[in-house]
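K.L.:
next input, structure requested:
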Amino acid sequence: MAGAQRGRRGRPHRQPARRILVVTEGTRTEPQYVEGLNRYMRSKGATAIVKPVSVGKDPLKVVQKCVEKRNEAAQNDKGYDDCVCLVDVDEHQTLLAAIQLAEQEEIRLLISNLKFEAWLRWHAEDKRSALSSAQLDELVTRLGLVKGKMLSQSFPFHQVHDACKTARAVDPEMRPGGKGPDPSSSMPILVDLMQGV
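P.N.:
Residues are numbered from 1 along each chain as shown. As a prediction, the model looks like this:
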């Protein structure tokens with residue numbers, strides 16, 4: 001009987017999914033993008049659990065909400081492995097304070113300059129010209145990436161690695177809390193986290 005036990009194999013042990021809290025400034029496009037990217041990355045073997053939480057257009061409030069959500073989860077024994085905030089440069093008065101708080105709280109603040117749509121654009125084209133906010137909105141609509149503030153049903157998530165390549169070429173010094181040139185986005189940092197890199 002003991003010999004029969006030794007020959008048996010147990011179930012393979014699954015690695016627990018990485019829990020990544022993502023708090024977004026935007027209320028539609030960014031959460032839709034993060035949720036869609038998460039579905040795409042999971043299909044490629046990634047193990048991330050992403051929780052987009054939208055709080056409005058103030059980068060400091062975004063970071064404060066992230067701290068609040070992280071602490072609530074930790075109190076309930078459901079802590080996160082990483083915490084990320086997505087914000088735009090726009091013309092925010094509180095961006096510097098948000099950068100400082102995120103660094104103090106060990107939260108990865110990922111900044112898109114001028115705004116998140118610059119990142120979306122790189123899923124469809126490798127162009128790096130600076131555009132106004134209105135021009136960028138018009139372009140991502142014309143490229144079929146966004147309709148209004150809603151992500152297109154056919155958004156090309158499969159182009160995420162091309163977008164990462166462009167973003168890294170634009171901002172080779174990319175880091176959390178870093179404000180890159182216009183246009184730029186530190187979204188490749190989130191992509192790396194979702195891939196377990």
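K.L.:
please make it C-alpha for all contacts and neighbour counts, starting now.
P.N.:
Will do.
K.L.:
what lies in contact with the longest helix seen in the chain?
P.N.:
Selection of the longest helix in the chain by residue count, based on DSSP state H, yields helix 59-75. By C-alpha atoms under 8 Å, 6 or more residues apart in numbering, the residues outside helix 59-75 that reach it are 21-25, 54-56, 79-80, 83-85, 87-88, 92, 94-95, 97-98, 101-102, 105, 107, 109.
K.L.:
show me where the chain has helices.
P.N.:
Assignment of helices within the chain using DSSP H yields the ranges 2-7, 29-43, 59-75, 95-104, 117-121, 133-142, 160-170, 187-194.
K.L.:
now Gln32: how far from Lys61?
P.N.:
Gln32 sits 20 Å away from Lys61 when distances are taken as C-alpha to C-alpha, to the nearest Å.
K.L.:
thinking again about what came up before, could you give me the PyMOL syntax to select whichever of the contacts of helix 59-75 are buried?
P.N.:
This is the PyMOL syntax for the buried subset of the contacts of helix 59-75, where burial follows 16 or more other C-alpha atoms under 10 Å:
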select buried, resi 21+22+23+24+25+54+55+79+80+83+84+85+87+88+95+98+101+102+107+109
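K.L.:
from Asp82, how far off is the closest residue to Arg18 other than its chain neighbours?
P.N.:
Once its chain neighbours are removed from consideration, Arg18 has its nearest residue in Ala48; the separation is 4.7 Å (C-alpha to C-alpha, 6 or more residues apart in numbering). Going from Ala48 to Asp82 by C-alpha to C-alpha gives 10 Å.
K.L.:
now do the shared contacts for the two.
P.N.:
Common neighbours of Ala48 and Asp82 are listed as 19-20 (criterion: C-alpha under 8 Å, 6+ apart).
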